[in-house]
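K.L.:
Requesting a structural model of the entry that follows:
(2 chains)
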Amino acid sequence: MSDQADLLPGTLDLLILKAVSLGEVHGYGVLLRIEEISGGALEIQQGALYPALYRLEHQGLIESEWGRSENNRRARFYRLTSAGRRRLGEEVTSWNRSVEAVARALTATPREVEG
Amino acid sequence: MSPYRLLARLRSLWRGVRRRSDVEAEMREEFRHHIAARTSDLIAREGLDPAEARRRAHREFGHIEAHLEDGRASRQLHIFDRLGFSWLDFKLGVRMLTRYPGLSLVAGLAMAFAIWVAVGTFEFVNQFVHPTLPLPGGGEVVGIRYWDREEAWSREPTTFDFAVWREQVTTVENLGAWRVVERNLVPPGGAAEPAEITLISPSAFEVAGVEPLLGRVLTSEDAAPDAPGAVVLGHRLWQRRFGGDRGVVGRTVRLGTSEATVVGVMPAGFAFPVSNEIWTALPDRPPPAEPATGRPLRIFGRLAPGAGLPDARAQVAVVTERLRAEWPGRYEHLGSQVLPHAESVYRFSLDGQVGLALYGINVAVALLLLLIASDVAMLMFARVAAREEEILVRSALGAGRRRIVGQLFVEAVILVGLAAVVGTVLAGRGMAWGLEILRLQMEASSLPFWIDAKVSPLTVLYAVGLTLLAAVLAGVVPAWKLTGRGMERRLGNVGTGSGRQHFGRFWTTLTVCQITLTVIFAATAMGMLRASESVRRARVGIPAEEYLGMLVMMDEPEEGFDATLLERYHASVTRLEERLLAASEVRGVTMGEHLPVMYHPHAIIEVDGGGSVEPDPQWGGGYRVSSTSVAGNFFEVFGAAPVAGRVFDSRDLRADANVVVVNRSFVEMVLGGRSAIGRRIRYAYRERNQWDGPPDPSAASWHEIVGVVPDLGRKRSWRVDGIDPKVARVYRPLPQDREYPLNLAVHVPGASESVAFRVRKIAADVDSSLRLHDVRRLDEWAKADIRFYTFWSVLTLVLGGVALTLSMAGIYSVTSFMVSRRTREIGVRIALGAEPRRIVAQVLRRPLLEVGGGILVGCALVALFFTAMADAGSGAGRAAWGIGEILGWVTGLGAVMAAVCLLATLRPVRRALRIEPSQVLAADG
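P.N.:
Model prediction:
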């Protein structure tokens, strides 16, 4: 079995917001950062990244600017807007709540059901 | 969505539409950067050779075009792609609008006007039919009432029903009741002025959920039967009657005959339950034992938490069913209704035809909009037709019909959209004007508090719908017509300059209709202005500015108006008269059912032995006159000495006196100028006003004419021509102990506000339950009429102006178009020696025919209308609008319209005359 986890639907936007929140980064950098912060457990499909970035930018959650990358190439850098920061906070809270609930459900014992 | 995020979306959309290629180029560059970075990574991390690394990076990235497509979809730009619109269409649209600025301005302003009217009307009707209460949780405030199924009308519950509901209904909380009584309100040191006092359950303030501005609201302690009087003031009343004094709380005011302490002032805009502005507690007395004995009330409450309208309806229905079982007589035809509060205050039901009829107003206004849109379509068509060659060539080069129609639609959307923005922004302002006029017309601030000059999101949506509809009519229809059948055939003619598209019967009809409308509007405006002028100049036969008029009423006790009260009323009025006469500046006091400048009811009379003027068969062989009863000193106080016979004296007050006095116009219009003294008249029918006492027992007796007086006052009327200069009037002696209420006239030269104030004080001293309404100088009655007529004349002039401008813009476009289409033909005719006169006649034939037709139809309708009006009125009405006069102004109007029409066609005609045959033929060859 592979060490890599499947990305749950709807989590790509959350991961991108998180990656961008850690500092200004270009598109490819977002990909690398997600792999890095997930300890290589999450791998993003490269083509799916850009539509998601454009969607978040269209929604005013991130904004972009052209600049120079580490190897001196022209690249578009993304950063979080204040609306994006708020949304990230809300999403993280909601995610944690869901994870906790699912974890609790999965560790339930027969005794708890009978009780 | 926050404004920031909305702005971000709009910016992203704008950029995507405006700079499609730039956006695409940037995406491609970003993808290239991604693939290059990945390639470098693969070389560095996995040691792949560059070619292999690049191949893998490409493979991993996937299909670039598909990602581009997804990228556009993420920015929601695919909608525009699918519709086939591009930025180019917008650019072309704006360019076309600026190329013909005059036409664009005319079309845009006309559309803005139409949308303004349509949006304002929709908002108003919507606020009326589907009101929303501007109160916290306003949707849960409800009203309970009965509905009489037999009469299809609401029936007010009584104190008995209120007590039953308060005890048994649990789905509606804070159930309260209210009713209005009219009483004098006397502020400390102020004069008594009538005010509508709302007796209301203190729970009203809890239901409304609004905090007072000053002091406190009413509480249940205030409703105890022995509690001292407490009153809460509305903001407007506080400003108006108390000068906005913040120290008013704790002061004592008089309400009719009792005293009350001001305990609070409500904030601006609060007028719960409807348009109320002074509240005092409805005494919480034990309910009567039987339903029929209670006073009628209006009931309100707030839905209990968790309960909805259906729950409340079901519960109240059960309670009503129980009442019906117990008192079948009273409740037989009654069904209970629980309605949203605002709907419950209307007497009728908005569900049925009334609501439909109200929405029908929108249809009528939308038709006006469509008429104007058709006009704009004509302008667009003329413009599009001028570009026919370009469109035919584009079509031949493969541009689909949809594409061409789409482009013209975008053009229309830009024009109508701009107009809609202007119209919708102005709609709020228009509503404010409309409401102000309504208030003036109703002479009170009695519009419900939820009707406000605002534009709701639903109305904005309606405006968007109208915009699209108008754009379809103005843009798509002309384009569809132009790109329709026969395109190939017309394509064959391109370059020959011969006529292709032409304006058919539809456009001619439209122009004729508009000219007709212009004539009608102009006639109405003229009539209104004339009316206002005649009111201004009317010789009322008295120095109206020297008289103060007022309607004297009396507080009605709980048990209703009876004979004892009528006696007290007349005693008080007599004392008031005496006290007023004692004042040094007062020259005289008199009274009557009506005063000279007021509306007088009509009567149909018969003349013993017949009148000398042919009676109008419309009145069953009788004469229609105005009739009123006046005090003995009426003519003396108004300085009208009899021209023949005598005026009333003490003899005439006997019930069997049966005498009348007539005015000069009566002698002229009924008796043909013959002697009136000693002639007898009889009332065949007398219009009575609602406060009249018992029916006049002498109605069928003959009355002898004992005197003739000069014409006094004028007849106020809603006729288009304002007032009749002459009115036949009959005066009866006033039986003082029978009539209620009376109008009092005080002759005070230089009458002013301070005199009015003193009169009020004297009245309050005489009897604090006497109420003086409409205390104002008699000349001010005319001012209200002048205001009314001036408003309508301005409105109709504006409408006429819009119709005229549109017609002229249409005529200009069509004529220009025709000249440009027939350039070759005209050139050939000039080359063949045609006289310029003939060329001009050819160009002008159509517009002149259209304008002439419109004027003829319009004038015929106006003449018909005025003839009907004159017939409906008295003989004097006919005299007011003589045929000569009508003809005179029809000719004048026709001349003005023809001149404007010639002006509109001036440029195209000059262009036609300047056509050089040599150039035309050279271009041909």
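
K.L.:
Alpha carbons only: can I get stretch B:525-533 in CSV?
P.N.:
Taking Å, rounded to 0.1, in the frame of the first residue of the first chain, the C-alpha atoms of stretch B:525-533 are listed here in CSV:
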residue,chain,number,x,y,z
ALA,B,525,-51.4,70.2,-19.7
MET,B,526,-53.1,73.1,-21.3
GLY,B,527,-56.4,72.3,-19.6
MET,B,528,-54.7,72.0,-16.2
LEU,B,529,-52.7,75.2,-16.6
ARG,B,530,-55.9,77.0,-17.7
ALA,B,531,-57.7,75.5,-14.6
SER,B,532,-54.9,76.7,-12.3
GLU,B,533,-55.1,80.1,-14.0
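
K.L.:
What's the mean pLDDT across it?
P.N.:
For stretch B:525-533, mean pLDDT rounds to 75.

K.L.:
So which bits of that stretch are buried?
P.N.:
Judged by neighbour count using 16 or more other C-beta atoms under 10 Å in any protein chain shown, the buried positions of stretch B:525-533 are B:525, B:526, B:527, B:528, B:529, B:530, B:531, B:532. Heads up, the C-betas are built off the backbone N, CA and C, glycines and all.

K.L.:
quick one: the residue lying closest to the second one once chain neighbours are set aside from residue B:857, how far?
P.N.:
Computed as C-beta to C-beta, 6 or more residues apart in numbering or on different chains, the closest residue to residue B:526 that is not its neighbour in sequence is residue B:889, at 6.8 Å. Counting by C-beta to C-beta, to the nearest Å, the gap between residue B:889 and residue B:857 amounts to 16 Å.

K.L.:
near chain A, which residues of the stretch 801-925 of chain B show up?
P.N.:
Counting by C-beta under 8 Å from any C-beta of the partner chain, no position of the stretch 801-925 of chain B is adjacent to chain A.

K.L.:
Check the secondary structure at residue B:177 for me.
P.N.:
strand (DSSP: H, G, I helix; E, B strand; the rest coil).

K.L.:
Next SSE downstream of the helix or strand hosting residue B:580?
P.N.:
For residue B:580, the host element (DSSP states H and E) is helix B:563-582. Note on helix B:563-582: by DSSP H and E, the next helix or strand toward the C-terminus is strand B:588-592.

K.L.:
And that following strand, what does it pack against?
P.N.:
Here strand B:588-592 touches helix B:563-582, strand B:623-630, helix B:634-637, strand B:742-747, going by 3 or more C-beta pairs under 8 Å, 6 or more residues apart in numbering or on different chains; DSSP states H and E.

K.L.:
Show me the shaky parts of the stretch 1-150 of chain B.
P.N.:
B:1, B:18, B:78-87 (pLDDT under 70).

K.L.:
at 80 instead, please
P.N.:
Counting by pLDDT under 80, the stretch 1-150 of chain B contains low-confidence ranges at B:1-21, B:75-93, B:96-97, B:99-100, B:102-103, B:130, B:150.

K.L.:
How many residues are close by the residue in it that chain A sits nearest to?
P.N.:
Taking C-beta to the nearest C-beta, chain A has its nearest neighbour within the stretch 1-150 of chain B at residue B:8, 2.9 Å off. Summarising burial for residue B:8: neighbours were counted as other C-beta atoms under 10 Å in any protein chain shown, giving 21.

K.L.:
Residue B:896 now?
P.N.:
Around residue B:896 there are 13 residues (other C-beta under 10 Å).

K.L.:
Point out the residues in chain A that sit beside chain B.
P.N.:
A:26-28, A:45-47, A:50-52, A:54-55, A:57-61, A:63, A:69, A:71, A:73-76, A:81-83.

K.L.:
What subset of these is buried?
P.N.:
A:26-28, A:46-47, A:50-52, A:54-55, A:57-61, A:63, A:69, A:75-76, A:81, A:83.

K.L.:
follow-up on the earlier one: would you agree the residue of the stretch 1-150 of chain B closest to chain A is in contact with residue A:60?
P.N.:
Yes: assessed by C-beta atoms under 8 Å, residue B:8 is found in contact with residue A:60 at 2.9 Å.

K.L.:
overlap in contacts of these two?
P.N.:
A:81, A:83 (C-beta atoms under 8 Å, 6 or more residues apart in numbering or on different chains).

K.L.:
Tell me which residue of chain A lies closest to chain B.
P.N.:
residue A:60 (2.9 Å).

K.L.:
Doesn't that residue belong to a strand?
P.N.:
No: per three-state DSSP, residue A:60 lies outside any strand segment and is coil.

K.L.:
Test my guess that it contacts residue A:80.
P.N.:
No: here residue A:60 does not reach residue A:80: they are 10.9 Å apart, not a contact under C-beta under 8 Å.

K.L.:
And for the residue in the stretch 151-300 of chain B positioned nearest to chain A, nearest residue in space, chain neighbours not counted?
P.N.:
Residue nearest to chain A within the stretch 151-300 of chain B: residue B:209 (30.9 Å; C-beta to the nearest C-beta). Nearest residue to residue B:209 in three dimensions, chain neighbours excluded: residue B:136, at 4.2 Å (C-beta to C-beta, 6+ apart).

K.L.:
Return the member of the buried residues of stretch B:525-533 nearest to chain A.
P.N.:
residue B:525 (52.5 Å).

K.L.:
residue contacts, that closest one?
P.N.:
Contacts of residue B:525 by C-beta under 8 Å, 6+ apart are B:792, B:793, B:794, B:796, B:797, B:800.

K.L.:
Just the strands from chain A, written as ranges.
P.N.:
A:25-26, A:62-68, A:74-80 (DSSP state E).

K.L.:
Tabulate those (a markdown table), appending mean pLDDT and distance to residue B:508.
P.N.:
Below are the strands of chain A laid out as a markdown table (pLDDT from 0 to 100; distance: least, C-beta to C-beta, whole Å):
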| stretch | mean pLDDT | distance to residue B:508 |
| --- | --- | --- |
| strand A:25-26 | 92 | 66 |
| strand A:62-68 | 90 | 58 |
| strand A:74-80 | 92 | 60 |
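
K.L.:
so where's the stretch 601-750 of chain B shaky on pLDDT?
P.N.:
B:602, B:610-621, B:653-656, B:684-700, B:713-726, B:735-738, B:750.

K.L.:
all strands in it, in order from the N-terminus.
P.N.:
B:602-607, B:623-630, B:644-645, B:659-663, B:680-686, B:702-709, B:729-733, B:742-747 (DSSP state E, counting those that start in this stretch).

K.L.:
And the third one, how far out from the chain middle?
P.N.:
Here the centre of mass of C-alpha atoms in strand B:644-645, compared against the chain's by C-alpha atoms, centre = their mean, to the nearest Å, lies 49 Å away.

K.L.:
The fourth one now?
P.N.:
Using C-alpha atoms, centre = their mean, we find the averaged C-alpha position of strand B:659-663 to lie 42 Å away from the chain's own average C-alpha position.
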